[in-house]
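S.K.: give me a model of this one.
(2 chains, ligands or ions: 2)
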Amino acid sequence: MVDIPQVENRIDANKKISGEAEFIDDISFSNMLHALVLRSPHAHAEILAIDINEVQKLEGIEKVITGRDIKDEIINIDIGDHYPLAVDKVRFEGEPVAVVLAQDKWQAKKALNSIKVEYNVLPHTVKAREAIKEDSPLIHPDQDQYNRHLDTNHHPNSNIFRHYKLRKGNIEKAFKKADKVIENRFDYPQRSHTQMETHGAIAKWTSDQEMIMYASTQSPFFVRTAIADMFKVKATDIIVKSGYLGGGFGGKSDVSIEPLTAFAARFVPNKYVKLKLTREEAFNASLIARGAEVELKTAVRKDGKILGEKAKIYFSSGAYGSTSVHIVTAAGHNCTGPYEIDNIEVDSYGVYTNTPPVGAFRGYGHPEVHWAKERQIHIIANELGLDEDEIRIKNMLKPGSINALGQKIEKENGDLLGCYKKIRERLDEIEINQKPHKVYGKGIAAIMKSPVMPTNSAASATLRFNEEGTVDIACSGSEMGQGTKTAMQQIASAALKLPLDKVKIKEDISTDNSPYGWQTIGSTTTWKAGRAIMDAVRKAIDKLKENASLVLDVNKEDLEYRGNKIVLSENEDLFVNTDQICFGYLHDNGLVKGEPVQTYGTYMPKGLTYTDPKTGQGNAAAEWTFGAQGVVVEIDKETGELKLLNMMMAIDAGKVINPKLARGQVIGGMVQEMGGALTEELRYGKDGQMRNNSFTDYKIPTPLDLYDTDFDVYFFETPEPIGPFGARGIAEHGTVGIAPAFGNAISNALGIELFKLPLSNQKIFLNMNKEGDLYV
Amino acid sequence: MAKTINTIINNEKHEIEVPYQMSLLELLREELNMTGTKEGCGNGECGACTVLLDDLPVRSCIILAHEIDQKEVVTIEGLKNTGDYEKIKEVFMAEDAVQCGFCTPGFVMAVKALLNRTKYPNDQDIKEALGGHLCRCTGYEAIHKAVKRLV
Ligand code: FES
Ligand code: FES
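M.R.: Ligands and ions are numbered 1, 2, ... in the order given. Presented below is the predicted three-dimensional model:
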């Protein structure tokens, strides 16, 4: 096993603590225009007229842009259903209707208020379950005519834009053979990512028809491609730069405000245009998250063996579909949980609703379906009078199992059973200091996760030895707090066998010269970009040996790379120092042997395929990560108030590159998901307007909720064959099983079964005082 | 409508004319180019914009710029010259209490204010000082551990 050199601090810590780290809103240019957006107050309406005449005459207003300025600029990631500005119709409250560009944002604000828009309000729907009804208003009546980059299996004349089917075995037979069929419905409402930094972008078009954009994006290359496609220009004419992000969590992946910023800037060539969302806009005018109703019907035998599972998943995906097509898929093939089930029938639907579009959020479909599946297992155990551990362990995926996709699970995929047992053991050993009027519950959940990505989602890296023997590395992957660049420095240092201070990682990205990387999502950067770095290092070592062989006049094959020097394997006294040859060896007489060592490395996930349209099976998951999570809660018998005492996770990380950063990722993910479990839910009024678009009304976890919580994180290390030194991604996994762990803990504490998130104190209170279960 | 104010910001005297509706945060970030103070909400709900006003922590997004007339402001940029900064930095680094770093300057200011108030903060003091600050990345464990190291 390789020892990974450990850094004392993450490489960006000093800059971030001192406030020097530049985020998008810290960047400005002279002559920059501010873009302010007039947004729809209605969830669904026709735009009858927009009057901008008066506004355009106002002092300081450079330009007012509306949907009428759109020719055929359309955002087409997977489905061409979205313009950067509403054309003729608005489909959610917060949708951009007009943009005002002004030097002075105060003037722009004033101008915004004097734009007059006439609407014809249409009936709306914010819930998938309503939106699939036959008499539901159609949000995209002509979705049949839309251009699609991939067949999403939409249902004509309905709001269903994506239907993913998964079929394995014969579900009806399983139901016939079952001793019991247990059917439940679980609800995971929509949430907001609430990165502490809201989205921002600054764009300028030059007179050469090139666009330069600075953006708070996790996906600069993806933004480049989407914008190039929107304007029908070459991708190389679009330059997207990104630096530090104040949190991403998926909400800054794909595209959000970048197309609108690019579109607006096009009307004022040679001027930078800046669009920075307010907190309110970040809530109701960027991407939102989750929003799934899951029905599970499970066929079980008396002894706890799961014979079959039928699932229906309805995503309230919001007004536009591209950013959630693959979430629907991921939820579909993960909804059977980390279990081997022979008979499966899954239908997962992406449904248009009149809310902001749903996009990726840490966990990507997995938390939604684990909420259902891991609660279902708990309920099955109660109904059969069996122990939940027994059911989980009996059905668990293990080496040799065939998963829902038809993939064979190998030992190298990780130690699920070990993780599960570890969490049970820890839960068992926690002794609770019981207080009067309180009840206590321990809850557990098993998890699995795989990244869902295009089959060609590449990562890459470049490596350059400098004349002094130091190394510069650039690689794909945005830094948004996960510590990716620090981990890359450690990986490179380990692979190069050079001290950390000799290896420097470039932190920002510019699409015109940075190594290509598809997107920074799916917890894949350590795994994929790390792999690309390993590839670049391998090539660099080869070049160094080539140079050394010229200098020492021996065969390259007989040399051994030792970091600071290259030695002859059979005689260590014959060597040359790396810093003498990394730029070519300079002889005393000026003669140079060899060439500067500069290499690149790439990684393309191997063997991925599209899923079969009929069975939904196929090699859609490039890697698997398994783990288990647990919580211990205290509930006040009089008020229903819940307090978190312990939170824990065991995860098979393959290889931990940096224990401190890894722990931070797991805990950060768990606490973020605790928000979804206990307090977070986007609520809409009767008019379809978001009711809680502020931190006062939308409660995320605060320090006070966690001050007395004890955390345990356990890493298992079953090497992943592709990842650098065996490492897997771990950044999202903390989110996956937390909600069901809470649900199961509450069930154990109070004997009540809750089906709908968030598990608010009020909901707990109402349910514990009622006979039977309340679906609230 | 504007007002001329006299103020000391990070030990430097300023006489500036500020519009009445301008917030202190806007004055710092947009007029004086001190971008270390961050805006997370603009509504007094997150703490990212915390600065010291006459030694007390305030949320600069809901203080009007003209309210600092005759008062003294310290921002994250000015904190470096005060004794406690290195100490705070050290514990934040040691515990890796920083992920994306967007909330961090606000937390650092809050901790500085806490140390101004008491050299030996107890749990209650820490809870009061940090309770209203939001961080979406760390889950707070590392931040709490860092601050407890100062005790
Ligand atoms: S920005 Fe001032 S409290 Fe959030
Ligand atoms: S470190 Fe990202 S919000 Fe606190």
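
S.K.: got the domain boundaries for chain A?
M.R.: Residue ranges for each domain of chain A read A:27-123+A:194-284, A:288-453+A:610-767, A:459-603, as given by automatic domain parsing.

S.K.: which of those domains sits closest to ligand 2?
M.R.: Closest approach to ligand 2 among the domains of chain A (C-beta to the nearest ligand atom): domain A:27-123+A:194-284, 3.8 Å. Yep, even glycine has a C-beta here, placed from its N, CA and C like the rest.

S.K.: ok, and does the longest helix belonging to chain B reach over to ligand 1?
M.R.: Using DSSP state H to define each element, chain B has its longest helix at helix B:104-117. No: judged by C-beta under 6 Å from any ligand atom, helix B:104-117 makes no contact with ligand 1; its nearest approach is 7.7 Å.

S.K.: got the domain boundaries for chain B?
M.R.: Chain B breaks down into these structural domains: B:2-75, B:79-149 (assignment by automatic domain parsing).

S.K.: tabulate those (a markdown table), appending distance to residue A:222 and mean neighbour count.
M.R.: Formatted as a markdown table, the entries for those read as follows, by distance: least, C-beta to C-beta, whole Å; neighbours: other C-beta atoms under 10 Å in any protein chain shown:
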| stretch | distance to residue A:222 | mean neighbour count |
| --- | --- | --- |
| domain B:2-75 | 26 | 19 |
| domain B:79-149 | 20 | 21 |
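
S.K.: of those domains, which is nearest ligand 2?
M.R.: Judging the domains of chain B by C-beta to the nearest ligand atom, what sits closest to ligand 2 is domain B:79-149, at 3.2 Å.

S.K.: measure the closest one end to end?
M.R.: Distance between the boundary residues of domain B:79-149 (C-alpha to C-alpha, to the nearest Å) amounts to 20 Å.

S.K.: rewinding a little: of all the domains of chain A, which lies closest to residue B:2?
M.R.: Each of the domains of chain A has some distance to residue B:2 by C-beta to C-beta; the shortest is domain A:27-123+A:194-284, at 11.7 Å.

S.K.: any residue of that closest one touching ligand 1?
M.R.: No: contact between domain A:27-123+A:194-284 and ligand 1 is absent, the nearest approach being 7.6 Å (criterion: C-beta under 6 Å from any ligand atom).

S.K.: name the residue most distant from the centre of chain A?
M.R.: Residue distances from the centre of chain A (C-alpha atoms, centre = their mean) peak at residue A:589, which lies 56.8 Å from the mean C-alpha position.

S.K.: state the three-state secondary structure for that one.
M.R.: Local secondary structure at residue A:589 is given as coil here, using DSSP: H, G, I helix; E, B strand; the rest coil.

S.K.: how about the contacts made by it?
M.R.: With contacts defined as C-beta atoms under 8 Å, 6 or more residues apart in numbering or on different chains, residue A:589 has no neighbours.

S.K.: one step back: from the contact counts, what lies against the longest helix of chain B?
M.R.: helix A:13-17, strand B:50-53, strand B:56-59, helix B:76-79, helix B:84-94, helix B:123-130, helix B:141-149 (3 or more C-beta pairs under 8 Å, 6 or more residues apart in numbering or on different chains; DSSP states H and E).

S.K.: okay, now residue A:134: neighbour count?
M.R.: The number of residues packed near residue A:134 is 6, by other C-beta atoms under 10 Å in any protein chain shown.

S.K.: before we move on, what about residue A:304?
M.R.: The number of residues packed near residue A:304 is 21, by other C-beta under 10 Å.

S.K.: can you check residue A:481 too?
M.R.: Under the neighbour criterion other C-beta under 10 Å, residue A:481 is assigned a count of 32.

S.K.: and what of the one 10 residues further on?
M.R.: In terms of burial, residue A:491 registers 32 neighbours under the definition other C-beta under 10 Å.

S.K.: list the contacts for it?
M.R.: Neighbour list for residue A:491: A:4, A:526, A:530, A:533, A:534, A:657, A:724, A:725, A:727 [criterion: C-beta under 8 Å, 6+ apart].

S.K.: returning to what we had before: and the domains of chain A: which comes nearest residue B:111?
M.R.: domain A:288-453+A:610-767 (11.8 Å).

S.K.: next one: that closest one, is it in contact with ligand 1?
M.R.: No: contact of domain A:288-453+A:610-767 with ligand 1 (C-beta under 6 Å from any ligand atom) is absent, the minimum separation being 7.7 Å.

S.K.: is that domain in proximity to ligand 2?
M.R.: No: looking at domain A:288-453+A:610-767 against ligand 2 by C-beta under 6 Å from any ligand atom, there are no contacts, and the closest approach is 8.2 Å.

S.K.: gap between the two ends of that domain?
M.R.: Between the opening and closing residues of domain A:288-453+A:610-767 we find a distance of 29 Å, counting by C-alpha to C-alpha.

S.K.: re the thing from before, what residues does the longest helix of chain B touch?
M.R.: For helix B:104-117, contacts defined as C-beta under 8 Å, 6+ apart pick out A:16-19, B:36-38, B:40, B:46-52, B:55-57, B:75-76, B:79, B:82, B:84-85, B:87-89, B:92, B:97-98, B:121, B:125-126, B:129-130, B:133, B:135, B:143, B:147, B:150.
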